[in-house]
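J.: Fold the following.
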Amino acid sequence: MRKIYDWLYNAGVDDFDIDLFEGMYNVPNGIAYNSYMICDEKIAVLDSVDAGFGAEWLKNIEEGLKGRLPDYVVILHIEPDHSANIANFTEKYPTAKIVGNDKTFVLLEEYFGKDFTDKKVLVKDGDTLSLGKHTLKFIFAPMVHWPEVMTAYETTEKVLFSADAFGKFGSYDANEEWDAEARRYYFGIVGKYGMQVQSLLKKLSEYEINAICPLHGYVLDKNLGHYISLYDKWSSYQAEEKGTVIAYNSVYGHTKEAVSRLSEMLKAKGEKTVVYDLARSDSSVCVSEAFRYSKLVLAGTTYNGDIFPCMREFIHYLTERNYQNRVVGFIENGSWAPVAGNKMKAEFEKSKNIVFAQNNVKIRSALNGESSAQLSALAEELINM
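T.: Numbers count the residues shown, from 1 in each chain. Predicted structure coming up:
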């Protein structure tokens, strides 16, 4: 049990046993499942924790109650890592009411096989719940990133309980940069729903916020403008920094050599440049970095008359998350029938505001004078974009 303020505690847990969050994202520093408890004339617990941590969570709650009974459990987000122990909670505290919206209770019944009618407190967007000195105002955030999601704004101390928004990978106390792990979390988990995040940010702009309490990561109570500004950039698909990401695959090393030369050319002219081997790099890092910077070069080989598998997967991750407002260039390699360039470009047909570099590079097996000249032309074009 962590004390945040005199009236607010975090009864959540850290999961250090997990290796892949949602079965695909590497979390070397674990993941936090936060569950907040407001102690006032009435006591409200906000959200639960993942299935394997029910006993620890209930023990934390009992410690914070100090002999009292909870009045409410509020479900801001019913994804199982935040709701799996709701039934266990109601068994231990049968007098507690469950606060949620229409969609919350539909999903709650799907997960647990009962509708909890006798415990239901149904709220609508803008409704409030008074706990005494502290009042929660519910601000709905549908599809950030599930349809039932809502946030809760505590009106006295001006604290926002943000559900999965402003969350990050890593345990609560992980000693790591917030930006990198929050960016990786955002574009992995929430990135497709930029329009919905923008809608939430617009709603929240009407409120003074002193602290943000997300369901993953730690409480944000300093320099909030930085975090909100990043969320605004991420959700409007704007680059954080000017620079070039080069993402590549290479079979026999010739494409890798071209990438190395391009990187050296760009860096020599002062361009911030990062390079990722898609076959060996963490895909969530590659995706988040592609959204971080303003330009992207895809260097891929023709494979079975198509795009090399890890390159195709990477492009799919980007376009599925509405990759836009970027410069994109291509390097293709194909010994007898290079087609990867056109096929990679075609994957962006439905993407918005993509400016394609004009000087693309076509390698036939290995670099020669012609393709080396194309490489230099691409570098010069990128520098001036």
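J.: which sections of the protein are below the confidence cut-off?
T.: Applying pLDDT under 70 to the chain flags no residue at all.
J.: Identify the residue nearest V123 in space, chain neighbours excluded?
T.: Distances taken as CB to CB, 6 or more residues apart in numbering place F138 nearest to V123, at 5.0 Å, with adjacent residues excluded. In short, each C-beta sits where N, CA and C put it, glycine included.
J.: and that neighbour, bridged to which residues?
T.: A152 (DSSP bridges).
J.: go on, R364?
T.: Beta-bridge pairing for R364 (DSSP bridges): A366.
J.: same thing with V74?
T.: L46, V99.
J.: residues contacting it?
T.: Applying CB atoms under 8 Å, 6 or more residues apart in numbering to V74 gives the contacts 44-47, 99-100, 129, 136, 152.
J.: Name the nearest of the residues you listed relative to K192.
T.: Nearest to K192 out of these is D47 (CB to CB; 22.5 Å).
J.: what lines up beside the longest strand seen in the chain in the sheet?
T.: In the chain, taking DSSP state E as the definition, the longest strand is strand 293-303. Take DSSP bridges as the rule and strand 293-303 pairs in its sheet with strand 241-248 (parallel), strand 306-307 (antiparallel), strand 326-333 (parallel).
J.: contact partners of the first one?
T.: Here strand 241-248 makes contact (CB under 8 Å, 6+ apart) with 255-256, 259, 262-263, 266, 271-278, 286, 289-290, 292-300, 311, 314, 331, 382.
J.: picking up where we left off before, now render the strands paired with strand 293-303 as JSON lines, adding mean neighbour count.
T.: Shown next, in JSON lines, are the strands paired with strand 293-303 (neighbours: other CB atoms under 10 Å):
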{"stretch": "strand 241-248", "mean neighbour count": "20"}
{"stretch": "strand 306-307", "mean neighbour count": "19"}
{"stretch": "strand 326-333", "mean neighbour count": "24"}
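J.: could those go into a markdown table alongside distance to Y218?
T.: Output for the strands paired with strand 293-303, formatted as a markdown table (distance: least, CB to CB, whole Å):
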| stretch | distance to Y218 |
| --- | --- |
| strand 241-248 | 24 |
| strand 306-307 | 40 |
| strand 326-333 | 31 |
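J.: rewinding a little: wait, which of the contacts of V74 is closest to G341?
T.: Distances from G341 to the contacts of V74, taken by CB to CB, are shortest for D47, at 47.4 Å.
J.: what's the nearest residue to the closest one if we skip its chain neighbours?
T.: Distance criterion CB to CB, 6+ apart; nearest residue to D47, sequence neighbours excluded, is H82 at 4.6 Å.
J.: same check, this time on T156
T.: H134 is the one closest to T156 (CB to CB, 6+ apart), at 5.2 Å.
J.: and if you look at K3?
T.: Using CB to CB, 6+ apart, the closest residue to K3 is Y9 (5.6 Å).
J.: Is there a quick ChimeraX command that grabs whichever of the contacts of strand 241-248 are buried?
T.: Buried members of the contacts of strand 241-248, defined by 16 or more other CB atoms under 10 Å, are picked up in ChimeraX with:
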select :255,256,259,262,263,266,271,273,274,275,276,278,286,289,290,292,293,294,295,296,297,298,299,300,311,314,331,382
